[in-house]
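K.L.:
With the sequence up front, the predicted model follows.
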Amino acid sequence: MINIHMLLRSLTRRARWAKVLPISKLWPAVLQTSTRPLSGNTYGSILEYSKANLQFKSQERLFRRKLRAIYKRYSEIPDDIVVRGRRHVYFEEGGSVYRMGLEQGEQNVEEVLCMDGGGHDEAVLQRVRVSPGEGMLAATLRPPGCGRGHQVCPGEAGGLSRPPKPLLTLHRVFSFEWATDEILFFTCLEDLRCRRVFRLDLSAAEPEPTLVYEEQDPEFFVEVSSSRDRKLLTVNCSSKSSSEVWLIGCSTPLAPPRLVQPRLPGLLYRVEHRDRRLYVLANTAAGREYQLLRAPLASPSMGNWEPLFTPAPGTGLRDMELLRDHCVLAVRTPDGPLGLRAVPLADPTCVSTLQLPSWACAIETRPDQMTDSESLRFLLSSPVRPPVLFRYSPRENQLSVQEDPAGAPLPHYHTTRLEAPSQDGTVIPLTLFHARAWGDLKGAPLLLHVYGAYGLDVHMGFSPEKRLLLEEGWALAYCHVRGGGERGLGWHQAGRLEGKRRGAEDLAACALRLFRLGVSRPGAAALTARSAGGVLAGALCNQRPRLLRAVALQAPFLDVLGTMLDPTLPLTIEERGEWGDPLTEPRHWDDIASYCPCHNITPQLYPSMLITAYEADRRVPLAGVRRYVQKLTTATRVHMDRHSASGSEHASPSVVLDLQPGGDHFGPEDFHLSLEEAARHLAFLYRELGLAGGPAGRGTGRR
């Protein structure tokens, strides 16, 4: 499988909406908690503060109960398959990896890797790779509180030791793949960068890693992956604007890697393999968009790339999967819905088109997919719709439901796709989820979502928290602003560097469009964003502070200028292609300074803000978050003092920094801690919008 987002893998170093998840848990910890009470600056006396704080804590407890109930409702959704070999399926349970035979009627479950003891008791299992002959298995573990690297523990699959233990442990591993039953390739994370590929031969008397490849350009990130047919390993080197792929034959793992196509400015590509041909996704179509090409393995350079399929303009490619006779591409059409394009390998001109269900917003192919299969299995979901397992047969161009644990979606839950004209006339896609009838949305509370960076879509996979809000009467809006990848590479290009300001303009246009259509109002509207999405959220608050009542940010990137001026920080050099280089380019300084949230704060009435930050976050500097909160608090106080002196009355907004000790950029693994933080976020939104703890819309916003 080729995931298009992996083509821009280096773009996600600050971007990822969530960490790699524990393999057997579909709804794991994505948030973190704190025992500190929320505090603001809205109370005139200790008694008033204490009363408000008690009310808040009571509401927080209420939401903890509600969240536990809704997580329990969806806890039976299966997602425990780790990986599928040719003879077994592997899954995780209780800190161990098990396997079960694929032969019909075979029910024996065998433990193949046990993590109890040896210092791995509290670690979280994240990824598993099985060797081609299924004689060896390697797994990544994330130690508690470790946000920088992972441990890989190779072990014998079905070895003689009971319980089976790892043979050895490798530290700070990022990506890894087996070439043979004895040889493992892997990369290591150093200061949030991967630049070296190692080979480990477990048949040696004393296995020691051997350096295979070392990247010299600090803007490039390196990872290793396997072709779906297990014939090749690929060393993928990516920057923000170009990429390069090297091949390692699994039958000749000791031979030096072979280059596919030397890196060129602006060229992004990724490869998959079948029948001694490379299938290439590259941005060689008109407008530098992606297209599918093919080249012989013996001569894979760009001069031999044969175009097979080019999507329509404005179409975003999501995934590519090679089957026995077809290449299936998952696409997002310009108006928003997901679809499939099946390209016959024998006759690429006869492309089949299939529109996926209108409610589907996220697609994920199954990890047990095999290249000799004639059909494709994948999950479809939305923020409010749990995953449904589908099967697609390209030969018949037919789609069928394989598994739907949650049942059919309720008919009164609506997915409405809208468009909003931005300041320069560009039409911005917008997806709205609502349970109320359209005419009843005027009084509904609204939660907007935005990301708009690195060419990545705003996350639209299932979230029990979002389902809870929908059931309580909220409208949920997802803004597909420029800078993201919803409409292809051009959409990202239009929202990076000097175009970054457009993302905030697009976000404002989406909110205004909803209000004009009769969906909610500024006093009942809130915004949520995380990581790089905080840039657009913070910029909007500076430019249009009265457009929202409350904002909840997680691990937000808020001091763009300060960060990009410090080349000693781990990601500054790597991310110049997204934000610019203010150290050497005066125009980049001016561009960043024009929208940077931290450098455009002025005394005015801001929306209330809850900012969750993590002390061990190395991707978003904590100093920048603290600086932003301090400047925002000062500006709010100055504004309130001015209006108090003039005799006008305004409710003072809350500015809350919820600093989590020990957490990293992606939050903790612990489910209970994450649930507490989610409850705190919901309690904050309800408090600031003046809502009761029951179905929303009964209270009145303060503004």
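P.N.:
Looks like it arrived, so ask away. Numbering: from 1, shown residues only.

K.L.:
helices or strands up against whatever helix or strand residue 563 lives in?
P.N.:
Taking DSSP states H and E as the definition, residue 563 sits inside helix 560-564. Helix 560-564 is packed against helix 576-579, helix 586-595, helix 622-646, with contacts defined by 3 or more Cβ pairs under 8 Å, 6 or more residues apart in numbering; DSSP states H and E. No exception for glycine: its C-beta is placed from N, CA and C like everyone else's.

K.L.:
Count the neighbours of the nearest residue to residue 101 once chain neighbours are set aside for me.
P.N.:
Nearest residue to residue 101 in three dimensions, chain neighbours excluded: residue 88, at 5.7 Å (Cβ to Cβ, 6 or more residues apart in numbering). Residues within reach of residue 88, counting by other Cβ atoms under 10 Å, total 21.

K.L.:
and residue 88, what does it touch?
P.N.:
Each residue near residue 88 by Cβ atoms under 8 Å, 6 or more residues apart in numbering is listed here: 99-102, 130, 134.

K.L.:
Just give me the least confident of those.
P.N.:
In this model, the minimum pLDDT among those belongs to residue 102 (81).

K.L.:
Looks like that one contacts residue 89 (just checking).
P.N.:
Yes - the criterion here is Cβ atoms under 8 Å, and residue 102 meets it with residue 89 at 6.2 Å.

K.L.:
okay, the two: which has more neighbours?
P.N.:
Taking other Cβ under 10 Å, residue 102 and residue 89 do not tie; residue 89 has more neighbours (17 against 13).

K.L.:
Tell me the backbone dihedrals of the more buried one, please.
P.N.:
With angles defined as degrees, to the nearest 10, residue 89 shows backbone torsions of phi -110, psi 140.

K.L.:
Can you tell me the closest non-neighbouring residue to it?
P.N.:
Nearest non-adjacent residue to residue 89 (Cβ to Cβ, 6+ apart): residue 100, at 5.5 Å.

K.L.:
hang on, residue 244 in a helix?
P.N.:
No - if the criterion is DSSP: H, G, I helix; E, B strand; the rest coil, then residue 244 is strand and not within a helix.

K.L.:
who's in contact with the nearest residue to it once chain neighbours are set aside?
P.N.:
Counting by Cβ to Cβ, 6+ apart, the nearest residue to residue 244 once its immediate chain neighbours are dropped is residue 263, at 4.0 Å. If a contact means Cβ under 8 Å, 6+ apart, then residue 263 has 237, 242-244 as its contacts.

K.L.:
any idea which of these is closest to residue 75?
P.N.:
Looking at the contacts of residue 263 and their distance to residue 75, the nearest is residue 243, at 39.6 Å (Cβ to Cβ).

K.L.:
what's the burial count for the nearest residue to that closest one once chain neighbours are set aside?
P.N.:
With Cβ to Cβ, 6+ apart as the measure, residue 268 is the residue that lies nearest to residue 243, at 4.9 Å, once sequence neighbours are left out. Applying other Cβ under 10 Å, we find 24 residues neighbouring residue 268.

K.L.:
same deal with the one 5 residues further on?
P.N.:
The burial metric for residue 273, expressed as a neighbour count using other Cβ under 10 Å, is 21.

K.L.:
Give me the three-state assignment for it.
P.N.:
For residue 273, the assignment made with three-state DSSP gives strand.

K.L.:
Would you mind listing the residues in contact with the residue lying closest to it once chain neighbours are set aside?
P.N.:
For residue 273, ignoring the flanking residues on the chain, the nearest one in space by Cβ to Cβ, 6+ apart is residue 227 at 4.0 Å. With contacts defined as Cβ under 8 Å, 6+ apart, the neighbours of residue 227 are 233-234, 271-274.

K.L.:
Return the member of those nearest to residue 522.
P.N.:
In terms of Cβ to Cβ, no member of those lies closer to residue 522 than residue 272, at 47.7 Å.

K.L.:
now the closest one, nearest residue through space, not along the chain?
P.N.:
Residue 272's closest residue in space is residue 279 (Cβ to Cβ, 6+ apart), at 4.7 Å.

K.L.:
cool, and residue 415?
P.N.:
Counting by Cβ to Cβ, 6+ apart, the residue nearest residue 415 is residue 359, at 4.8 Å.

K.L.:
repeat for residue 479
P.N.:
Beyond its immediate neighbours in the sequence, the residue positioned closest to residue 479 (Cβ to Cβ, 6+ apart) is residue 510, lying 4.1 Å away.

K.L.:
Could you name the helices and strands sitting against the helix or strand containing that neighbour?
P.N.:
Residue 510 belongs to helix 500-516 when elements are defined using DSSP H and E. Contact analysis of helix 500-516 by 3+ Cβ pairs under 8 Å, 6+ apart lists strand 414-421, strand 427-434, strand 446-449, strand 475-479, strand 525-530, helix 533-543, helix 586-595 as its packing neighbours.
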